[in-house]
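K.L.:
build me a structure from this.
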Amino acid sequence: MMAADFTPERSEAIEQALIEHVSRHPGRGRHASRTIALLVTGALVGAGATASAFAATDTMPPAVTEATDAPDGEPTPDLPDAFVAPAGVTPGTPLVSAIADPVAVIVAGDTVVPLTERPDEATHARVIVSPTGAGSLSFGTDPGGNNPSAAWSPSEIGRNLAPAASYDFPLDTSVEALYLAPSGFAGTVTVQFVTHVPTRLGVNSSGQTFGTSGGPQGEPDLIAVIATNGRTGYVSQESLDEASGAHVANPEEVLAWQEENAGTIIVLPVYESDGTTQIGEFQLDGP
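P.N.:
As a prediction, this is how the structure comes out:
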């Protein structure tokens, strides 16, 4: 998660879209006056790293390390209906509202943080891990340990601001607590309940869907990425799957694909949302 600045016009458009959407969903808008409008603008980049930004808030989030892969079998939250993304927001990106006050926990050993006392409209628990000492931390809502983790080296802790790790854990009736398992780790974990309001994927003139990856509508035909020149655009899902080995069907083919692509750098064209106008390149390191 990275901080970013937004023009007043863009922040106003986002806030207005949230207000209008909540007014059409009064069951989830009971605490609208206590929410803070946040915008997650991250595009899935290769192996699951995301970038997100806070808009219309009084505080800025910490710098965040590369995201870990999402754990398998995550809960399925009861999300509001998707609506058209406001101007400047990548289609498929959820708009996020913080609910109630965050809770900070100092981690000195294995810790269980109850999550049952939460607002009805909370769809996710945003967890931010801020280290003060080198080590690793497993953190998540699965009591069996199928949770993401993050690690920090002594050199990272020596910086003026050590990078934090962040993840939005989906909530349903099965989620009761956040489980923290440190290994040489020292630091603080902050929990903030949030509501994700999904936005719809876009559709271009060729009938291709485009937007961010990992949303409730499934994978778009054109997936949002950040090109090597810094521009945000789209790569073909089919090309990305082939370049990352996702198309390989069995163990023998996996080994053959890894040997064939070992040490290579795969370059994919990045397009505008029309899927034909190239604006840059996206690189993937081979296995």
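K.L.:
show me the domain layout of the protein.
P.N.:
The chain breaks down by automatic domain parsing into domains covering 8-197, 208-285.
K.L.:
show me how far the shortest one is from its chain's centre.
P.N.:
The one in question is domain 208-285. Its chain's average C-alpha position is 18 Å from that of domain 208-285, according to CA atoms, centre = their mean, to the nearest Å.
K.L.:
and the average pLDDT for that domain is what?
P.N.:
Per-region confidence: domain 208-285 scores 87 on mean pLDDT.
K.L.:
quick one: name whatever helix or strand follows the worst-scoring helix or strand of the chain on mean pLDDT.
P.N.:
Ranked by mean pLDDT, DSSP states H and E, the weakest helix or strand in the chain is strand 36-39, scoring a mean of 32. Where DSSP states H and E defines the elements, the next helix or strand beyond strand 36-39 is strand 95-107.
K.L.:
alpha carbons of that following strand, as PDB, please.
P.N.:
Presented in PDB, the C-alpha positions along strand 95-107 are these (Å, rounded to 0.1, in the frame of the first residue of the first chain):
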ATOM      1  CA  LEU A  95     -14.100   1.500  -2.800                       C
ATOM      2  CA  VAL A  96     -13.300   1.100   0.900                       C
ATOM      3  CA  SER A  97     -14.800   2.800   3.900                       C
ATOM      4  CA  ALA A  98     -13.200   2.500   7.400                       C
ATOM      5  CA  ILE A  99     -15.700   1.800  10.100                       C
ATOM      6  CA  ALA A 100     -15.300   2.600  13.800                       C
ATOM      7  CA  ASP A 101     -11.900   3.100  15.500                       C
ATOM      8  CA  PRO A 102      -8.800   1.100  14.700                       C
ATOM      9  CA  VAL A 103      -7.300  -1.200  17.500                       C
ATOM     10  CA  ALA A 104      -3.600  -1.500  18.000                       C
ATOM     11  CA  VAL A 105      -2.000  -4.600  19.600                       C
ATOM     12  CA  ILE A 106       1.600  -4.900  20.700                       C
ATOM     13  CA  VAL A 107       2.900  -8.300  19.600                       C
END
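K.L.:
and it, what's buried?
P.N.:
Neighbour-count burial for strand 95-107, with 16 or more other CB atoms under 10 Å as criterion, is recorded at 95-99, 105, 107. C-beta here means a position set from N, CA and C on the backbone, and glycine is covered the same way.
K.L.:
could you point out which element follows that strand?
P.N.:
Toward the C-terminus from strand 95-107 - assigned by DSSP H and E - lies strand 111-114.
K.L.:
flag every buried residue along the helix or strand where residue 242 lies.
P.N.:
Take DSSP H and E as the rule and residue 242 turns out to sit in helix 237-244. Along helix 237-244, the positions that meet the burial threshold by neighbour count (16+ other CB under 10 Å) are 237, 240, 243-244.
K.L.:
let me know the closest of these to residue 131.
P.N.:
residue 244 (29.7 Å; CB to CB).
K.L.:
helices of the stretch 101-250 of the chain, start to end?
P.N.:
Listed in chain order, the helices of the stretch 101-250 of the chain (DSSP state H, counting those that start in this stretch) span 154-157, 237-244.
K.L.:
can you put those in JSON lines and add distance to residue 124?
P.N.:
As requested, the helices of the stretch 101-250 of the chain are exported to JSON lines (distance: least, CB to CB, whole Å):
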{"stretch": "helix 154-157", "distance to residue 124": "27"}
{"stretch": "helix 237-244", "distance to residue 124": "25"}
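K.L.:
could you measure from residue 192 over to residue 142?
P.N.:
As judged by CB to CB, to the nearest Å, residue 192 and residue 142 stand 19 Å apart.
K.L.:
more neighbours: the two, which one.
P.N.:
Taking other CB atoms under 10 Å, residue 192 and residue 142 do not tie; residue 192 has more neighbours (23 against 18).
K.L.:
report pLDDT for the more buried one.
P.N.:
Looking at residue 192, its pLDDT stands at 96.
K.L.:
what pairs with it across the strands?
P.N.:
For residue 192, the residues forming beta bridges with it (DSSP bridges) are residue 126.
K.L.:
isn't it right up against residue 122?
P.N.:
No: in this structure residue 192 lies outside contact range of residue 122 using CB atoms under 8 Å: 9.6 Å.
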